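Participant: Show me how the following folds:
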Amino acid sequence: MKSKNISQNINEKLNNLGHLKFTLLVISLVLIKNGIHPIGKEWIGWLFDASRDFPHYTSYLTYSILPIFMTRIFGLPIPIIWWGVNSILILIIFSIFLSILSKKYGMNFKKVLIIFVSLPLFISPFLYIGHYDLLTIGAAMIASQVRNSIVIIICAFIAATSNVEQALVTALCTLILYLITKDNHIKHVVKIWFLVSIGCFILLTLLVGDSSSDKRAETSLALMSTALKNSLGVMNLIIFSLFGSAWFWIFIIFRKSNHKLLFILLITIPVGLCILTVDRTRVGVAVSALPILLLFSHIFEKTDLLKTNIKNFHYYFLAYLIIPQYFVTDFDAGGLLRLPYKEFFQLLFN
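Facilitator: Model prediction:
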């Protein structure tokens, strides 16, 4: 009886919190659990090298023209400046996203927030501060929640000029989602994402041209056999890392889906990228961000999921805090998991 009263009191206090205080509490707990990590200095060096030599092809980062443009603005490759600028961008993008959610879902905002913060796509930009995934995931966040075509076009352009290959695969996954849902809004987003991604791919091909060097897709294909071999012993961990505790919601949606084979295909593509690429979880999360956010938006609109008692969402969030969130990393880098705070503390004490 006493434990029941404690649980009831906690639920009441959470219910009484305003949107801002609730958001700050939830995000603080998420960040404490997962930690924050700056992207490595070596990667920043590669990006600045690509920026300096653009449009001459030097590495796969030559195709990331938006980050290259950003480095041109900020000049010298000083890591602390790059991390600082991207930290500010995280705050801006996430504030816009959360503001849209608050206005869109009103009284159900807390329920939606709990689901979204438990998705690895929410924490990924904090685990790779300075990486272009902030731009691809941030673009997906905004585009998934708005109806304005101009905003969606801008988001698609940001994603495609950050990583055009990922943008094309994202468009494919979103097309599969449309075939599952027949949602007109998702159809609209798919058209824009495909057109902008293909246009950017053609533009980049004309700007950079062919190169005998290793392009991003070619590099990934060359390393695929190595990635698969290293995946075999930890396949369950890699698959779990894509959605973490949010696999709970994915399973519920799957149970209710009338197109189970298409749904499996939708999930299989990002899972396959986690298994077959050396960047593992990070790539699968980035590619699946737009279709998964659109999927949940569709479910919120078309089902009674948000009518579930708020206390059940509180219990889910508690389970999320207890269940580890793994980000599997490049095996060739000498590690398996991106551990909470590890890189940050190494940066401080080295």
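Participant: Could you list the residues in contact with the host helix or strand of Leu273?
Facilitator: Per DSSP states H and E: Leu273 is located in helix 260-276. Defining contact as C-beta atoms under 8 Å, 6 or more residues apart in numbering, one finds that helix 260-276 is touched by 169, 172-173, 176-177, 179-180, 220, 224, 227-228, 231, 235, 238-239, 241-242, 250, 253-254, 257, 280-281, 283-285, 287-288, 291, 295, 328. (Each C-beta comes from the backbone N, C-alpha and C, glycine too.)
Participant: Mind doing that once more with 7 Å?
Facilitator: With C-beta atoms under 7 Å, 6 or more residues apart in numbering as the test, helix 260-276 has contacts from 169, 172-173, 176-177, 179-180, 224, 227-228, 231, 235, 238-239, 241-242, 250, 254, 257, 280-281, 283-284, 287-288, 291.
Participant: So which bits of it are buried?
Facilitator: Residues of helix 260-276 classed as buried: 262-263, 266-267, 269-271, 273-276 (neighbour count, 16 or more other C-beta atoms under 10 Å).
Participant: Closest one of those to Ala140?
Facilitator: Using C-beta to C-beta, Pro270 is the member of these that lies nearest Ala140, at 12.3 Å.
Participant: Which helix or strand lies directly C-terminal to the lengthiest helix in the chain?
Facilitator: Criterion DSSP state H: the longest helix present in the chain is helix 79-105. The helix or strand immediately downstream of helix 79-105 is helix 109-117, counting by DSSP H and E.
Participant: Give me the helices and strands touching that following helix, please.
Facilitator: Applying 3 or more C-beta pairs under 7 Å, 6 or more residues apart in numbering; DSSP states H and E, one finds that helix 109-117 contacts helix 19-34, helix 79-105, helix 310-322.
Participant: got JSON lines for these, with mean neighbour count and distance to Lys191 too?
Facilitator: As requested, the helices and strands packed on helix 109-117 are exported to JSON lines (neighbours: other C-beta atoms under 10 Å; distance: least, C-beta to C-beta, whole Å):
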{"stretch": "helix 19-34", "mean neighbour count": "15", "distance to Lys191": "33"}
{"stretch": "helix 79-105", "mean neighbour count": "16", "distance to Lys191": "22"}
{"stretch": "helix 310-322", "mean neighbour count": "16", "distance to Lys191": "34"}
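Participant: Nearest to Glu301, out of those helices?
Facilitator: Nearest of the helices and strands packed on helix 109-117 to Glu301, taken as C-beta to C-beta: helix 79-105 at 10.1 Å.
Participant: Between helix 19-34 and the closest one, find me the angle.
Facilitator: Here helix 79-105 runs at an angle of 130 degrees relative to helix 19-34 (axes from the mean of the first three to the mean of the last three C-alpha atoms, to 10 degrees).
Participant: Could I get the average pLDDT for helix 79-105?
Facilitator: Computed over helix 79-105, the mean pLDDT rounds to 94.
Participant: Pick out whichever of the buried residues of helix 260-276 sits closest to Leu24.
Facilitator: Of all those, Leu24 sits closest to Pro270, with 30.1 Å by C-beta to C-beta.
Participant: Could you look up the SS state of the residue most central in space within the chain?
Facilitator: With distances taken as C-alpha atoms, centre = their mean, Leu121 lies nearest the centre of the chain, 3.0 Å away. Leu121 carries the three-state label helix when classified by DSSP: H, G, I helix; E, B strand; the rest coil.
Participant: Is the closest residue in space to it that isn't next to it in sequence within a helix or a strand, and which one?
Facilitator: If the residues on either side of it in the chain are set aside, Leu121 comes closest to Ala289, at 4.4 Å by C-beta to C-beta, 6 or more residues apart in numbering. Assigning secondary structure by DSSP H and E places Ala289 in helix 281-302.
Participant: what separates that helix from the chain centre, distance-wise?
Facilitator: Centre-to-centre, helix 281-302 and its host chain are 9 Å apart (C-alpha atoms, centre = their mean, to the nearest Å).
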